[in-house]
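Visitor: Based on what follows, work out the 3D shape:
(2 chains)
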Amino acid sequence: GEKVEQHESTLSVREGDSAVINCTYTDTASSYFPWYKQEAGKSLHFVIDIRSNVDRKQSQRLIVLLDKKAKRFSLHITATQPEDSAIYFCAASMLSGSFNKLTFGAGTRLAVCP
Amino acid sequence: DTTVKQNPRYKLARVGKPVNLICSQTMNHDTMYWYQKKPNQAPKLLLFYYDKILNREADTFEKFQSSRPNNSFCSLYIGSAGLEYSAMYLCASSRDPGTGDAETLYFGSGTRLTVL
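Guide: Below you'll find the predicted structure:
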């Protein structure tokens, strides 16, 4: 089955700098790559995704890049702010029509320091 | 309201005893999922219900059971808890396929199970 590896377990950046979190996956059939954020004491929530028919997607300060050849995708957070501090999980799935079986990475704890 | 509720927030169980965890959502989502999360590990999918059909992952098939008496509720049942079941259990749901945002999973806050 699919395996997703998240390369950075922790990441610390200065406020205003960019943060990059990298993930790799194993199953070439995967076509959907979302990112989830978990703030302290809260549940995971969706932040951004990318599908295999594109290689870049941006939503405000979040950019996701996908390299299908290398089976690698990454989350870039530009102009980081203290509220970006959280655990970020990458995931992959082969979308079916009825459900979405996500395989997650182990998470990256991002600290944005003032 | 995009809330998935899980009860209880913390649960203590004895080795060999059964455990039942509860999840509910009022979004009329067709699919509900259960994930197991251990410290420094990825959330691991245990099983999911699409409508009334239960799908269990191959490597956890015999360890976990579930029921979904109606669209809003889903339980996770462990028949005989072992120490290795100590973890955070996360419930999630997703919309009907074919609707907007159908791929997004909405997560509850989790139930932290400690087996002693």
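
Visitor: Where does the residue minimising distance to the centre of chain B fall, secondary structure wise?
Guide: Nearest to the geometric centre of chain B sits B:Trp34, at 2.6 Å (CA atoms, centre = their mean). B:Trp34 belongs to strand B:31-37 when assigned by DSSP states H and E.

Visitor: Could you find the closest non-adjacent residue to B:Leu47?
Guide: Leaving aside its sequence neighbours, B:Leu47 sits nearest to B:Arg56 (CB to CB, 6 or more residues apart in numbering or on different chains; 4.3 Å). Any C-beta I mention is one placed from the backbone N, CA and C, and that applies to glycine too.

Visitor: Isn't the one you found up against B:Leu46?
Guide: Yes: using CB atoms under 8 Å, B:Arg56 is in contact with B:Leu46, at 7.2 Å.

Visitor: higher neighbour count, these two?
Guide: B:Leu46 (20 against 17; other CB atoms under 10 Å in any protein chain shown).

Visitor: Just give me the neighbour total for B:Val15.
Guide: Counted with other CB under 10 Å, residues neighbouring B:Val15 total 11.

Visitor: no no, B:Asn70
Guide: B:Asn70 has 8 nearby residues by other CB under 10 Å.

Visitor: With chain B in mind, check whether the host helix or strand of A:Trp35 reaches it.
Guide: Applying DSSP H and E as the criterion places A:Trp35 in strand A:32-38. Yes: counting by CB under 8 Å from any CB of the partner chain, chain B has neighbours in strand A:32-38: A:32, A:34, A:36.

Visitor: ok, and the most crowded of those residues?
Guide: When neighbours are counted by other CB under 10 Å, A:Tyr36 leads these with 26 neighbours.

Visitor: just checking, that residue touches A:Ser43?
Guide: No: contact criterion CB under 8 Å: A:Tyr36 and A:Ser43 do not qualify, at 9.4 Å.

Visitor: Can you work out which residues contact both of these two?
Guide: Counting by CB atoms under 8 Å, 6 or more residues apart in numbering or on different chains, the contacts common to A:Tyr36 and A:Ser43 are B:Phe107.

Visitor: List the buried residues for stretch A:39-49?
Guide: Under the neighbour-count criterion of 16 or more other CB atoms under 10 Å in any protein chain shown, stretch A:39-49 has A:43-44, A:46-49 buried.

Visitor: do stretch A:5-25 as well
Guide: So for stretch A:5-25, counting by 16+ other CB under 10 Å, buried means A:6-8, A:11, A:13, A:19-25.

Visitor: how much distance is there from that stretch to the middle of the chain?
Guide: 9 Å (CA atoms, centre = their mean, to the nearest Å).

Visitor: Check stretch B:8-15 too.
Guide: 15 Å.

Visitor: Could you tell me how many residues sit around residue 96?
Guide: Defaulting to chain A. By other CB under 10 Å, 10 other residues sit near A:Ser96.

Visitor: wrong one, chain B
Guide: Number of residues near B:Asp96 (other CB under 10 Å) recorded here: 12.
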